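K.L.:
When you get a sec, could you give me coordinates for this:
(chains A and B)
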2 protein chains.
Amino acid sequence: MSSTRDIDALIEMMAKLPGLGPRSARRAVLHLIRKRGILLSPLADMMQTVAATARECLNCGNIGTADLCDICASEKRANGEICVVEDVADLWAMERSGVFKGRYHVLGGTLSALDAVGPHELRIPRLIDRVATENITEVILALNATIDGQTTAHYIADELGARVKKTSLAQGVPIGGELDYLDDGTITAALRARKAL
Amino acid sequence: MSSTRDIDALIEMMAKLPGLGPRSARRAVLHLIRKRGILLSPLADMMQTVAATARECLNCGNIGTADLCDICASEKRANGEICVVEDVADLWAMERSGVFKGRYHVLGGTLSALDAVGPHELRIPRLIDRVATENITEVILALNATIDGQTTAHYIADELGARVKKTSLAQGVPIGGELDYLDDGTITAALRARKAL
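P.N.:
Residues are numbered from 1 along each chain as shown, chains lettered A, B, ... in the order given. Sure thing, here's the model as predicted:
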């Protein structure tokens, strides 16, 4: 490598980001260096700002820049619905759809016997607590349709008992999906949950 | 988006990097925020360092942290060979192979009538100058095997005239390449340049 140590170190750090490898990290760093005035310095500044201010919401586990995230801080979002997701990325995906008007609860993973993740490693006790204190009428279990996700959803549903309405996301054909490319499980689920026209 | 303004701004900046889109930028930023102590702050610091120190070598156009890059500064690399490449990324690729022991000259692009790129927009005059003053015995034109790359190579070869040996990279089957997947042009070139065993 002809570039000097700092540039190599920067490439190595970038290469560790998810979605980037050594080759794309090199491309990205070259691009940044070429436009260092308008791109590299502002990016570094913004990273420094975010590193200093980003934190997890004490209530729901979302990432924001205050002890309470924007959603937990907004009275408008207190509509009695709480959407339980595995991860902040899932919360952001739900928010992009713009259709859910309630609050969230980020578990921070799924129960996993193999990885020794129990309810106390996740934010499950806090969820039970919130359901009891925040006038919650419906808990939407929006966990991934994986075995671990569904196991976790069942565990939480059991823990919550009958004191609140519990729902999960519908399963079926994704919008724009072609039957030919769907797995058998999805087709089975879509057929079982078929609707009258 | 539930994240606050700074986080959104950071995602937007990351999404502009080559190889990253909005989705992978979100993943990367979430990853960075989760590990902000050990990842985000050091990365921001290193970007700041590189933004402050990175510059183009005044002699060859390589990117380094001094007015002369490591290669131009090293007497060992003055072996009379100069390898002409389009871009710093090409120089880095050549260096990774470790086989070339001479110096480089980065053009900064190719001649292009369509984009109004003439010899003076590239580092061609500086190349002619270097060939005259640096005891160069061979100019290796390692430009991309594209129409613009080859046009530029021919132009430079003409400009240099007979005063120096001019070579180009061999064309043929790449190592590990399967004939079935190669284009006709490559197969034609490989067949024409066939070697006796």
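
K.L.:
quick one, phi/psi of A:I140?
P.N.:
Backbone geometry at A:I140, expressed as degrees, to the nearest 10, gives phi -90, psi 120.

K.L.:
Quickly list what the residue nearest to it when sequence neighbours are not counted is bridged to.
P.N.:
Nearest non-adjacent residue to A:I140, counting by CB to CB, 6 or more residues apart in numbering or on different chains: A:C83, 4.5 Å away. (C-beta placed from N, C-alpha, C; glycine too.) Using DSSP bridges, the bridge partners assigned to A:C83 are A:Y104, A:I140.

K.L.:
okay, and for chain A, where does confidence drop off?
P.N.:
A:1-3 (pLDDT under 70).

K.L.:
at 90 instead, please
P.N.:
A:1-5, A:18-19, A:35-37, A:64-66, A:96-99, A:112-116, A:119-121, A:145-146, A:161-163, A:169-197 (pLDDT under 90).

K.L.:
How is it divided into domains?
P.N.:
A:5-53, A:69-168 (automatic domain parsing).

K.L.:
can you redo the ones you listed as JSON lines with mean neighbour count?
P.N.:
Converted to JSON lines, those look like this (neighbours: other CB atoms under 10 Å in any protein chain shown):
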{"stretch": "domain A:5-53", "mean neighbour count": "18"}
{"stretch": "domain A:69-168", "mean neighbour count": "17"}
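
K.L.:
Please name whichever of those domains is nearest to B:P42.
P.N.:
B:P42 lies closest to domain A:5-53 among the domains of chain A, at 6.9 Å (CB to CB).

K.L.:
Could you confirm whether that closest one reaches chain B?
P.N.:
Yes: counting by CB under 8 Å from any CB of the partner chain, chain B is contacted by domain A:5-53 at A:6-7, A:9-10, A:13-14, A:16-20, A:24, A:26-33, A:36-37, A:39-51, A:53.

K.L.:
What is the neighbour count of the residue nearest to A:A190 when sequence neighbours are not counted?
P.N.:
Nearest non-adjacent residue to A:A190, counting by CB to CB, 6+ apart: A:G172, 3.9 Å away. Residues lying near A:G172 (other CB atoms under 10 Å in any protein chain shown) number 17.

K.L.:
Surely A:G172 is in contact with A:T188?
P.N.:
No: using CB atoms under 8 Å, A:G172 makes no contact with A:T188, being 10.2 Å away.

K.L.:
so who does A:C60 touch?
P.N.:
By CB atoms under 8 Å, 6 or more residues apart in numbering or on different chains, the contact set of A:C60 is A:69, A:71-72, A:103-106.

K.L.:
Please give the element, helix or strand, for it.
P.N.:
Per DSSP states H and E, A:C60 falls between elements, in no helix or strand.

K.L.:
how far does stretch A:53-66 sit from the chain's center?
P.N.:
Remark: stretch A:53-66 is offset 13 Å from the chain centroid, using CA atoms, centre = their mean, to the nearest Å.

K.L.:
Going by neighbour count, which residues of it are buried?
P.N.:
Buried residues in stretch A:53-66, counted by 16 or more other CB atoms under 10 Å in any protein chain shown: A:54, A:56-57, A:59-65.

K.L.:
show me where chain A has helices.
P.N.:
Secondary structure of chain A (DSSP state H): helices located at A:5-15, A:22-34, A:41-53, A:70-73, A:88-97, A:124-133, A:147-160, A:184-192.
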